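**Student:** no sequence on this one, just coordinates:
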């Protein structure tokens with residue numbers, strides 16, 4: 001199954017990130033981003049994972065729009081043209097990990113309540 005370039009384009013545009021800036025972040029040329037967004041090219045798994053972290057979404061969301069979490073905890077400054085994508089990706093990775101830890105903590109708490117009620 002191939003990742004969907006239109007999904008990447010919509011994420012990129014929603015966060016006001018240019019193709020050039022995304023290409024720099026992925027160590028590609030702008031034409032490769034353009035081809036991918038037009039579903040004429042492909043990105044490596046590593047590049048797709050970097051995009052998922054940058055846009056704070058699951059990797060599967062780049063393949064299937066239904067997987068896209070619109071309530072994700074991604075963090076972006078209001079002046080997107082000045083953002084450092086490496087820094088934003090690190091911040092979003094922390095936010096995603098925190099969200100996962102909270103989910104695990106809630107599951108553990110729920111499980112401990114079930115054990116106590118038995």
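**Tutor:** Good, I have the coordinates. For clarity, every value in this text was computed on a predicted model and none was experimentally measured.

**Student:** low pLDDT regions in the chain?
**Tutor:** 69-82, 113, 115-118 (pLDDT under 70).

**Student:** quick one, helices of it?
**Tutor:** 5-14, 19-26, 30-37, 45-54, 85-117 (DSSP state H).

**Student:** I'd like the distance from the second one to the chain centre, please.
**Tutor:** Translated: helix 19-26. 14 Å (CA atoms, centre = their mean, to the nearest Å).

**Student:** So which bits of it are buried?
**Tutor:** 19, 21-23, 25-26 (16 or more other CB atoms under 10 Å). Where C-beta positions appear, they are placed from N, C-alpha and C, glycine not excepted.

**Student:** Give the burial count for residue 29, as a bare number.
**Tutor:** Number of residues near residue 29 (other CB atoms under 10 Å) recorded here: 13.

**Student:** Assess the claim that it and residue 23 are in contact.
**Tutor:** Yes - using CB atoms under 8 Å, residue 29 is in contact with residue 23, at 5.8 Å.

**Student:** Thanks a lot, see you next time.
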